[in-house]
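A.B. asks: structure for the following, please:
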Amino acid sequence: MKWLIPILLILFIGLQYRLWIGEGSLADVARLDREIQQQQVENGRLQERNRVLMLEVDALKSGLGSVEERAREDMGMIKPGETFFMVVEPEQDN
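C.D. replies: Next up is the predicted model:
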């Protein structure tokens, strides 16, 4: 009987250590919950970006209008017979 109390005390201290400090402790679980929430926000942002990119890919695959728009905006291309005008803002002295 005199060995039972020290054994139970050691067991109790070991369980308390694991509950408050060790792996799987309350603080560890709270940290993991925060990381999960941050990752879910990041995943949502990336899913939205992927959705926009898929819409752009579909538009480029489906017709020449999107390809023409990209060529005009990104490469400055014009159709034969069109006239290109560039509007330049005057520089302002400070």
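A.B. asks: C-alpha from now on. contacts and neighbour counts both.
C.D. replies: Fine.
A.B. asks: so which strand or helix has residue 8?
C.D. replies: Using DSSP states H and E, residue 8 sits in helix 4-20.
A.B. asks: quick one: mean pLDDT for the helix or strand just after that helix?
C.D. replies: Helices and strands here follow DSSP H and E; after helix 4-20, the next one along the chain is helix 26-62. The pLDDT scores in helix 26-62 average 92.
A.B. asks: and the angle from helix 26-62 to helix 4-20?
C.D. replies: If you take axes from the mean of the first three to the mean of the last three Cα atoms, to 10 degrees, helix 26-62 sits at 30 degrees to helix 4-20.
A.B. asks: next one: helix 26-62 to chain centre, how far?
C.D. replies: When C-alpha coordinates are averaged (Cα atoms, centre = their mean, to the nearest Å), helix 26-62 and its chain have centres 5 Å apart.
A.B. asks: okay, buried residues for that helix please.
C.D. replies: For helix 26-62, burial by neighbour count (16 or more other Cα atoms under 10 Å) applies to residue 60.
A.B. asks: can you show me the CA trace of stretch 61-77 as PDB?
C.D. replies: C-alpha atoms of stretch 61-77 as PDB (Å, rounded to 0.1, in the frame of the first residue of the first chain):
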ATOM      1  CA  LYS A  61      -9.900  28.100 -75.900                       C
ATOM      2  CA  SER A  62     -13.400  29.000 -76.900                       C
ATOM      3  CA  GLY A  63     -12.900  31.900 -79.300                       C
ATOM      4  CA  LEU A  64     -10.600  34.300 -81.000                       C
ATOM      5  CA  GLY A  65     -12.000  37.300 -79.200                       C
ATOM      6  CA  SER A  66     -10.100  36.500 -76.100                       C
ATOM      7  CA  VAL A  67      -6.900  35.800 -78.000                       C
ATOM      8  CA  GLU A  68      -7.300  39.100 -79.900                       C
ATOM      9  CA  GLU A  69      -7.900  41.000 -76.700                       C
ATOM     10  CA  ARG A  70      -4.700  39.500 -75.100                       C
ATOM     11  CA  ALA A  71      -2.700  40.300 -78.200                       C
ATOM     12  CA  ARG A  72      -3.900  43.900 -78.200                       C
ATOM     13  CA  GLU A  73      -3.400  44.500 -74.400                       C
ATOM     14  CA  ASP A  74      -0.200  42.500 -73.800                       C
ATOM     15  CA  MET A  75       1.700  42.900 -77.100                       C
ATOM     16  CA  GLY A  76       0.300  46.100 -78.400                       C
ATOM     17  CA  MET A  77      -0.800  44.500 -81.700                       C
END
